[in-house]
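Asker: Next come a sequence and a model predicted from it.
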Amino acid sequence: MFRRLVVVLLSLLFSVPYHVHAGFEEGLTASRVGDNDLAFVEFRAAAEAGDARAFGKLASMYLYGLGTETEFVRAYAWFDLATAAGDKYAARFRDAVVNELTAPQREEAERLAEELISRFIAAPAEASSR
């Protein structure tokens, strides 16, 4: 029984990073061959799974309308998250996007960015400090 539990736990432990990694890599491949629809789906899945490498990629897809509609609010929020996660280029893009936002859109973008940061950055940090 104990051995079966160990096998299940190890399987779960190693399966999560693989799926996160696979979505990001598949997004890069799709992007390279010009399949923006698939790239968007893969980057979004990787980002939603917490792959920090995908945050800025997804934000760019929203910014330029690649594989999705152009959405400056979402672009701002994901670039802000990417900046908080250490992406050294994301802040410049976030700051450029802000010029495209109305005051209400900026408030919405900042609220969404706060939600994303608390979900992907603050929450894991809080969990590890317990």
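Answerer: Received it, and whenever you're ready, just let me know what you need.
Asker: List the contacts of the one helix or strand Phe55 maps to.
Answerer: Per DSSP states H and E: Phe55 is located in helix 52-64. With contact meaning Cβ atoms under 8 Å, 6 or more residues apart in numbering, helix 52-64 is reached by 23-24, 27-28, 31, 36, 39-40, 43-44, 46-47, 66-68, 70-72, 74-79, 81-82, 85-87, 89-90, 93-94, 97, 120. For glycine as for every other residue, the C-beta is placed from the backbone atoms N, C-alpha and C.
Asker: Can you select the buried ones from those in PyMOL?
Answerer: Here is the PyMOL selection string for the buried members of the contacts of helix 52-64, based on 16 or more other Cβ atoms under 10 Å:
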select buried, resi 23+24+27+28+31+36+39+40+43+44+46+47+66+67+68+71+72+74+75+76+77+78+79+81+82+85+87+90+93+94+97+120
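Asker: Roughly how far does Asn36 sit from Lys57?
Answerer: Distance, Asn36 to Lys57, using Cβ to Cβ, to the nearest Å: 11 Å.
Asker: looking at the chain, which helix or strand does the model trust least?
Answerer: helix 123-128 (a mean of 56; mean pLDDT, DSSP states H and E).
Asker: just the helices in the chain please.
Answerer: 2-32, 36-48, 52-64, 72-84, 90-97, 103-117, 123-128 (DSSP state H).
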